[in-house]
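> Provided below for reference: sequence and predicted model.
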Amino acid sequence: MDTSAQPPAVASRPRFIRIRSAAYWLATVPVVAELGVGGVWDIARIPYIRDLTAHLGYPSYFLVLLGTWKVLGAVALLVPGRALLKEWAYAGAFFTYTGAMVSHLTTGYDVGEVGLLAVMTALTVLSWALRPPSRRTH
């Protein structure tokens, strides 16, 4: 016999919050890692990235610009508070991944990357949707 004073829906609320928090971090960590590591690789213009960017038709200086914004986006997603800054970081990550997909598809170069970019786009949207109230603007 259940002697708790709370209805079952209220009693399971902490479990739901833990699951949602775990799902948020499982989606957010790969996005932050890709933005951070990918941004550093862009800034350093490592040969693989430089060649890929050239094949896609972008100038090499674009890598420094994109890489800097990616690293700043990764930091923005990790720091506490700053909800509006996080919104911009999510938007930037979404535009980066979807823009890269379009670049690969329109040039026909390294189309195998599109699947990974689609996964990163989905993880970005999932992270945004699951973010805790302290990381929301409303």
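That came through fine.

> And G115, how close does it get to A122?
Using Cβ to Cβ, to the nearest Å, we find G115 at a distance of 11 Å from A122. The C-beta positions use only the backbone N, C-alpha and C, and glycine is treated the same way.

> A27 too?
Distance, A27 to A122, by Cβ to Cβ: 8 Å.

> ok, these two, which is more surrounded?
Using other Cβ atoms under 10 Å, the more surrounded residue of A27 and A122 is A27, with 20 against 12.

> Counting by contacts, list what the strand or helix carrying that one packs against.
Per DSSP states H and E: A27 is located in helix 13-44. If contacts are counted by 3 or more Cβ pairs under 8 Å, 6 or more residues apart in numbering; DSSP states H and E, helix 13-44 sits against helix 61-78, helix 113-130.

> Out of these, flag the one nearest V32.
Closest approach to V32 among the helices and strands packed on helix 13-44 (Cβ to Cβ): helix 61-78, 4.8 Å.

> name the helices or strands packed onto whichever helix or strand comes after that closest one?
The first helix or strand that comes after helix 61-78 along the chain, using DSSP H and E, is helix 83-107. Applying 3+ Cβ pairs under 8 Å, 6+ apart, we find helix 83-107 packed against helix 61-78, helix 113-130.

> how about JSON lines for those helices, with mean pLDDT added?
Putting the helices and strands packed on helix 83-107 into JSON lines (pLDDT from 0 to 100) gives the following:
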{"stretch": "helix 61-78", "mean pLDDT": "96"}
{"stretch": "helix 113-130", "mean pLDDT": "96"}
